[in-house]
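Asks: Prediction below, plus the sequence it came from.
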Amino acid sequence: MSEYSETENLSPPQPAACPTACFPSHDPGYWPEEAMENWHDYKWQLKNRITRLDQIEKLIPLTSEEKAGIQLSGNKLAMSITPHFFNLIDRDDPDCPIRKQVIPRIEETFTDRSEMSDPCGEDSHMPVPGLVHRYPDRVLFLVTDRCAAYCRYCTRSRVVSGVSDQRLETQWEAAFQYLEKTPQVRDVLLSGGDALLLSDARLEKILSRLHAIPHIQFIRIGSRIPIFLPQRITPELCTMLSRYHPLFISIHANHPRELTSEVREALERLANAGIPMGNQSVLLKGVNDSVETQKELVHKLLICRVRPYYLYQCDLIEGSAHLRTSIDKGIQIIEGLRGHTTGYAIPQYVIDGPGGGGKIPINPEYVVKQDDGGITLRNYEGKRFEYPASTEDERVQNDKVSRKLR
Ligand SMILES: *Cc1c(COP(=O)(O)O)cnc(C)c1O
Ligand code: SF4
């Protein structure tokens with residue numbers, strides 16, 4: 001028999017080599033009694049989300065800031081944490097980077113003068129309720145107001161989770177008709193809330209209607225489900241999604257601890273379904289505001305075949321001052337990555353223009369001097385390099401070429 005037997009050839013692709021220790025499983029963690037089949041069932045995860053103070057107090061000690069925050073979060077942005085994500089919390093660390101993202105704090109009730117309820121000016125850019133059309137060629141389609149868990153800094157907390165006064169009232173038929181009769185839209189981004197929280201059938205209805213519009217070339221889904229609820233990324237979901245290529249997914253991971261073995265396997269399933277993935281992370285104080293943490297995060301993402309896409313300066317959403325960093329911090333982080341690691345691993349740092357300017361790139365300054373003679377640059381090590389301006393030589397060259405062509 002050949003060394004490479006047929007059965008060996010049929011074995012599924014193996015994940016990239018990496019010490020398994022860097023993608024540990026934290027399950028079942030705080031739920032030691034739970035049957036493993038329940039644990040892997042996303043419906044069980046959803047049903048057993050942590051939403052109340054008494055539930056959380058049985059599992060971990062809370063600070064007084066957190067207790068007050070949970071009691072007051074009820075009419076702003078609900079608290080909800082999947083057991084999977086809750087297991088990443090270090091019960092003995094009040095500064096745990098995971099708890100800061102999902103456990104409300106009293107500081108959320110303080111509003112800074114510069115803060116807004118709709119910091120990206122989305123409501124004023126909706127030609128149809130639920131459809132944000134800011135850039136000429138692409139739209140943001142809000143398809144649900146629910147997520148598997150809620151991020152305390154959510155830029156859309158005015159409608160997300162369904163507990164505030166404002167409701168998301170997507171007008172489905174009007175939105176589809178608008179897209180059908182607007183040929184400049186070539187790219188549709190499904191978000192919310194979290195589109196992957198919809199059932200396979202419901203999501204497929206949306207995707208197939210969009211896919212049938214000839215001028216729509218490209219569909220994307222923005223989702224934190226692969227991180228909050230990796231169990232939802234079933235083989236059936238992946239098969240369904242693969243019918244709507246080219247389909248991209250932007251995930252949302254902020255801290256390397258979020259990339260567990262379950263998450264890695266879910267991302268493998270999506271990648272194997274041919275879905276290119278990017279990551280959008282939000283720069284958060286005490287969560288991921290160091291070069292070291294960001295580097296570990298982006299390296300783990302690449303191992304999972306996810307390309308870091310954007311690093312967002314935290315929007316001026318009401319009650320987020322305690323999580324925001326300075327802009328200098330973001331620039332320092334990019335400087336600490338550029339040249340020091342794989343180019344693919346480096347996200348674009350952006351500020352979403354307050355009030356509705358769209359995403360604006362912020363970069364470290366590598367141009368030391370620029371004048372008629374040329375440009376002086378510095379590299380990642382601080383060494384200087386000169387590059388000449390396009391001058392006399394270039395004009396002479398261009399003249400020669402055009403004379404020849406005549
Ligand atoms: C982020 C966003 C997009 C997509 O922007 P890209 O830079 O193409 O990823 C589109 N529309 C709105 C309203 C957005 O906020
Ligand atoms: S997953 Fe996205 S939409 Fe949902 S709460 Fe977090 S940031 Fe907001």
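Replies: Structure's in. What do you need? Ligands and ions are numbered 1, 2, ... in the order given.

Asks: Next up, identify which helix or strand residue 350 is on.
Replies: strand 348-352 (DSSP states H and E).

Asks: burial count for residue 240?
Replies: 17 (other Cβ atoms under 10 Å). C-beta here means a position set from N, CA and C on the backbone, and glycine is covered the same way.

Asks: pretty sure it contacts residue 205?
Replies: No: using Cβ atoms under 8 Å, residue 240 makes no contact with residue 205, being 10.9 Å away.

Asks: How about the residues of this structure by ligand 1?
Replies: Counting by Cβ under 6 Å from any ligand atom, the chain comes close to ligand 1 at 132, 134-135, 138, 140, 189, 359.

Asks: related to what we said a few turns ago, send the alpha carbons of the strand holding residue 350 over as CSV?
Replies: In CSV, the C-alpha atoms belonging to strand 348-352 read as follows (Å, rounded to 0.1, in the frame of the first residue of the first chain):
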residue,chain,number,x,y,z
GLN,A,348,-5.3,51.2,9.7
TYR,A,349,-5.9,53.5,12.7
VAL,A,350,-9.0,55.6,12.0
ILE,A,351,-11.3,58.2,13.6
ASP,A,352,-14.9,58.1,12.5
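
Asks: who does whatever helix or strand comes next after it pair up with?
Replies: Of the helices and strands lying after strand 348-352 in sequence (DSSP H and E), the nearest is strand 359-361. Partners of strand 359-361 in the sheet, by DSSP bridges, are strand 348-352 (antiparallel).

Asks: tell me which residues in the strand it pairs with are buried?
Replies: The neighbour-count check on strand 348-352 (16 or more other Cβ atoms under 10 Å) flags 349-352 as buried.

Asks: Kindly report the same for stretch 55-74.
Replies: 56, 59-60, 62, 65-70, 73.

Asks: contacting residues for the one residue sitting closest to the centre of the chain?
Replies: The C-alpha lying nearest the average C-alpha coordinate of the chain belongs to residue 252 (Cα atoms, centre = their mean; 2.5 Å). By Cβ atoms under 8 Å, 6 or more residues apart in numbering, the contact list for residue 252 reads 151, 222-224, 227, 279-282.

Asks: make it 7 Å
Replies: 224, 227, 279-281 (Cβ atoms under 7 Å, 6 or more residues apart in numbering).

Asks: where does the stretch 1-150 of the chain dip in pLDDT?
Replies: Residue ranges of the stretch 1-150 of the chain with pLDDT under 70: 1-21.

Asks: so where do the helices sit in it?
Replies: 6-9, 36-39, 42-47, 53-59, 64-72, 83-86, 99-102 (DSSP state H, counting those that start in this stretch).

Asks: and these as CSV, adding distance to residue 331?
Replies: Formatted as CSV, the helices of the stretch 1-150 of the chain follow (distance: least, Cβ to Cβ, whole Å):
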stretch, distance to residue 331
helix 6-9, 50
helix 36-39, 42
helix 42-47, 38
helix 53-59, 36
helix 64-72, 30
helix 83-86, 30
helix 99-102, 22
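
Asks: Leaving out the residues flanking it, which one is nearest to the residue in the stretch 1-150 of the chain that ligand 2 sits nearest to?
Replies: Here the residue of the stretch 1-150 of the chain nearest ligand 2 is residue 147; by Cβ to the nearest ligand atom that distance is 3.3 Å. Excluding its sequence neighbours, the residue lying closest to residue 147 (Cβ to Cβ, 6 or more residues apart in numbering) is residue 194, at 4.3 Å.

Asks: tell me the contacts of the one you found?
Replies: Contacts of residue 194 by Cβ under 7 Å, 6+ apart are 144, 146-148, 223-225.

Asks: run the last query once more with 6 Å
Replies: Going by Cβ atoms under 6 Å, 6 or more residues apart in numbering, residue 194 touches 147, 223, 225.

Asks: nearest to residue 363, of those?
Replies: Nearest to residue 363 among these is residue 223, at 27.4 Å by Cβ to Cβ.

Asks: Can you get me a residue count around the residue nearest to that closest one when sequence neighbours are not counted?
Replies: Counting by Cβ to Cβ, 6+ apart, the nearest residue to residue 223 once its immediate chain neighbours are dropped is residue 196, at 4.5 Å. Residues lying near residue 196 (other Cβ under 10 Å) number 27.

Asks: Now residue 196, what are its backbone angles?
Replies: Main-chain dihedrals, residue 196, degrees, to the nearest 10: phi -80, psi 0.

Asks: Model confidence for it, exactly?
Replies: Predicted confidence (pLDDT) for residue 196: 98.

Asks: repeat for the one 3 residues further on
Replies: pLDDT, residue 199: 98.

Asks: Also the one 10 residues further on?
Replies: At residue 209, the predicted lDDT confidence score is 98.

Asks: Restrict the strand or helix carrying it to CA atoms and write it as PDB.
Replies: Using DSSP H and E, the element containing residue 209 is helix 200-211. The C-alpha trace of helix 200-211 is given here as PDB (Å, rounded to 0.1, in the frame of the first residue of the first chain):
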ATOM      1  CA  ASP A 200     -29.900  30.900   8.800                       C
ATOM      2  CA  ALA A 201     -33.200  31.200   6.900                       C
ATOM      3  CA  ARG A 202     -33.800  34.800   7.700                       C
ATOM      4  CA  LEU A 203     -30.200  35.800   6.800                       C
ATOM      5  CA  GLU A 204     -30.300  33.800   3.600                       C
ATOM      6  CA  LYS A 205     -33.500  35.700   2.600                       C
ATOM      7  CA  ILE A 206     -31.600  39.000   3.000                       C
ATOM      8  CA  LEU A 207     -28.400  37.800   1.200                       C
ATOM      9  CA  SER A 208     -30.300  36.300  -1.700                       C
ATOM     10  CA  ARG A 209     -32.300  39.400  -2.300                       C
ATOM     11  CA  LEU A 210     -29.100  41.500  -2.300                       C
ATOM     12  CA  HIS A 211     -27.200  39.000  -4.400                       C
END
